[in-house]
Every structure is written in C-alpha cells, then in structure tokens.
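Enquirer: Pasting the sequence and the predicted model now:
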Amino acid sequence: MFNHILRAVDPERVTGDSRTFPGTWGHETAFPQGDIEGIEAQLALVGVPGTRDQAGRDVPDGGTDRIRRALYGLAAGHNGQRVADLGDIIPGRTPRDTRAALREVVGVLLDRGVVPVVFGGGQELTLPIYEAYEARSQSVNLVSVDAFIDLIDREEVNARTWMWHVLDREPSWLFNYTHIGYQSHFISPDMIQSMDRLHFDHLRLGQLRENMRQVEPAVRDADILSFDLLALRAADFPAASLTGPNGLFGEEACQIARFSGLSDKLSCFGLFGYEPDLDRRGLGAALAAQMIWYFVDGFYNRKNDLPNANSQDYTRYRVTLDAGGYELTFLKSDRSGRWWMEVPFKPDDRHERHALLPCTYEDYELATRQEVPDRWLKALNRLNV
C-alpha cells in the first residue's frame, strides 16, 4: 500500500549479527516490506532521511540507518515487545511533498492505534505529525524539547519556523504547547512574553536541572513529543552543527524519553536533528538509539492510571486558598503515586466542569502554603478563554 512513499529496510544490512541473537532488538523487530496494513505492532519506527539543518547545510542521507545499526544491537528490554520498522519516507521532489508523505503514514498509524516513532530529518517534521492529528479533528497537547523556541514568523517551513506554522491556523486544534530545555541566552524576552500571553508552559534548562521531576507531568499530558537533538550539549551529542557547550546531558535526554513512553496519553514520539556526516565515532547515533530504547522501555511500563470522574484508586486532597476563595482538589494515584489537579471550566453559562491536569507533589505543597501553582493558573486561563 505504501511502496510509493516508504522505502523498506533490508534487515540484513542494518542488523548484522544481532538479528541472529535472541533477545536483541534486531531479532525482535519486524520488518514489513512496504505493507503496513496488516502489521500487528504496538509501535512503528519511521525514518526520514536527509534535510537542511538549522545552519543552512544539506544533511546527507544515511543517518537513519546509522541509528538503526546502533539500536538493533541493544537488548530487547521486554519479552513480547511488538515493534515494526517501516523503513524510510522516500524524499519527495520538494520538502512539502516529503512532509505530506509523513503526514499520511502517521495518520494511518494513528487510525490503527500504533504509536509512530519518527526519527531523522529536522524538527520541522513535527508540523506534518501535528497535521495528522488536525485532520482527525483531535485536540493536541504538544511538547517540544529544544535549545531554541522555533516561533519565528516566516513563510518557509524549517527547523526554526515550524511552530509558527502550527499556531497560524484556523481553526486551531492545539490546546497546549510546552517547551522544555530552552537556553535563555538564545531566547529574547519578547519570545517568553509571547509564550506567557498564550498561556503556554515553558521550562528552561536551568529550571529542569534544578528539579528533573518537573518534566514528567508536562510530558504525561502530551499527545506528541518532539525532541530536537540540538537540546543536548556538544560533548554528549557531537552529531549536530549547532550544538554548543551547554545543554542536556545524555542521561537527562534518556530520562525525558522514558517519561514520554510512560505517558498513557502520548501517541507519537519524534527525534530530530541527527547529522551523520558529523558523527565520526558514532556517539550521536548511539545516543539517539538509546533514547528510542528508553522511550520503548517507558511504553512497556505504562501504569494505565489516567483518572476520570469515577476513579476509585485515588486519594483526594482539598486545599482552600484564603485569597480568592478557590478550593483546589488534588488526586494521587494509589497505583503509581502520580499526582493530578482539578481545574474548573465552564463549557457554557449554566454548567461547570473540571479538567484533570497532571502535576507534582510540589504543586500540592505550594497550595498548602497558600500559593497558587503556576501550572494551575495557566490551565485555568486556557480552559476559560
């Protein structure tokens, strides 16, 4: 069905000896040859070779297979894991054609309940992923991990402008956008003010490093997580032209990837920005492969404990704020220990409803000290516009 837009993987070329060893990714991964109609996988790898990077240079093909070779020698972390490698999107005549092909593949996978893991290319590939959700009239929470905030207003779609093209749509299916790991010396105050006016969440690198647990609730509420490998420091990821002396450590990147997999809600994971010609020792491919490994490890450790109005396996805590008279209700899962908070909204003039927003124990502690959690305020503004 998709032979015209997907180039199948030759497993012998990318797995080597690992395919003959039980318990490795190379042995446990399925390689459908262009037909994804009947796949029985829970997750599907989709590569997108080649792009033009943020420094304006053309990135050669071959990066997706380098990541595959690093991945398929790793241990398969779970008995019975069902992962299929669908191969690479065949580049179109224009970048727009390539994005359209990716949008079609992601959409088919979403319809089948299969989680796409998209890797290679630039972060502008997040746009067609978002469009696949948009085409299904599905409200989207999007998380981007990046050293930059890609909100530059330009007609061209690239790795620095893609988020503007997500926002500049009517109607908009984007409910929330969260940016993780940006570096303040790259971001103007006007950009942060724009994020705040839109009631979007953002977490700079220093805040993340002070408390890594802040990342988990943001990722837990996401439908899509888009990770630009430029968020890593050059010492940990030498395979990108614009990485610098500061950034995420490799261990932190793998932790974020695992948080993403653990999210019961997240249904697409993207990993972008690998430049194979700069990866002389293969360390960049190795780290990208390990991030995919940790995402899948998180997926197979999901708790399936999203609360609803009738949830019983939760302890409720109510805190009344003296200022404003708000009563904040928190829920703690008896199964996983994770926290949520209720946020009121009015769908019409007569009724009030409550949305459940992932949060942390620290948010509950803030409320007990008579402080309104910033996470709660931003959600209140988004829900009641």
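Expert: Now that the structure is in, tell me what you want to look at.
Enquirer: The helix or strand harbouring L102 packs against which elements?
Expert: Per DSSP states H and E: L102 is located in helix 95-111. The contact analysis (3 or more CB pairs under 8 Å, 6 or more residues apart in numbering; DSSP states H and E) places helix 95-111 against strand 43-47, strand 83-89, strand 115-119, helix 126-134. Any C-beta I mention is one placed from the backbone N, CA and C, and that applies to glycine too.
Enquirer: beta partners for H202?
Expert: H179 (DSSP bridges).
Enquirer: any idea how far the residue nearest to Q138 when sequence neighbours are not counted lies from V140?
Expert: With sequence-adjacent residues excluded and distances taken as CB to CB, 6 or more residues apart in numbering, Q138 is closest to W173, at 6.3 Å. Computed as CB to CB, to the nearest Å, the W173 to V140 distance reads 5 Å.
Enquirer: list residues touching both of those two?
Expert: 133-134 (CB atoms under 8 Å, 6 or more residues apart in numbering).
Enquirer: mind listing what N381 touches?
Expert: H199.
Enquirer: And the helices in the protein?
Expert: Secondary structure of the chain (DSSP state H): helices at 11-15, 25-28, 63-72, 95-111, 126-134, 162-167, 189-197, 205-210, 215-220, 250-262, 283-299, 361-368, 374-383.
Enquirer: Redo those as a markdown table? Include distance to F148 and mean pLDDT.
Expert: Compiled in a markdown table, the helices of the chain are given as follows (distance: least, CB to CB, whole Å; pLDDT from 0 to 100):
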| stretch | distance to F148 | mean pLDDT |
| --- | --- | --- |
| helix 11-15 | 31 | 84 |
| helix 25-28 | 31 | 90 |
| helix 63-72 | 20 | 93 |
| helix 95-111 | 19 | 94 |
| helix 126-134 | 13 | 97 |
| helix 162-167 | 10 | 92 |
| helix 189-197 | 9 | 92 |
| helix 205-210 | 12 | 93 |
| helix 215-220 | 18 | 94 |
| helix 250-262 | 16 | 97 |
| helix 283-299 | 19 | 97 |
| helix 361-368 | 27 | 94 |
| helix 374-383 | 21 | 89 |
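Enquirer: Adding distance to E37, write these out as TSV.
Expert: As requested, the helices of the chain are exported to TSV (distance: least, CB to CB, whole Å):
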stretch	distance to E37
helix 11-15	20
helix 25-28	22
helix 63-72	23
helix 95-111	9
helix 126-134	17
helix 162-167	30
helix 189-197	41
helix 205-210	41
helix 215-220	31
helix 250-262	26
helix 283-299	23
helix 361-368	44
helix 374-383	38
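Enquirer: Give the closest residue to A286 in space, chain neighbours not counted.
Expert: Nearest to A286 is A70, by CB to CB, 6+ apart, at 4.7 Å.
Enquirer: what does M291 give?
Expert: Per CB to CB, 6+ apart, closest to M291 is A257, 4.3 Å.
Enquirer: residues near that neighbour, how many?
Expert: Using other CB atoms under 10 Å, A257 has 26 neighbouring residues.
Enquirer: do the same with the one 10 residues further on
Expert: For S267, the count of nearby residues is 20 (other CB under 10 Å).
Enquirer: Please apply the same query to S311.
Expert: Neighbours around S311, by other CB under 10 Å: 15.
Enquirer: and what of the one 5 residues further on?
Expert: Using other CB under 10 Å, the number of residues around R316 comes to 11.
Enquirer: gap between the residue at the greatest distance from the centre of the chain and V372?
Expert: Residue farthest from the centre of the chain, counting by CA atoms, centre = their mean, is D322 at 37.7 Å. According to CB to CB, D322 and V372 sit 11 Å apart.
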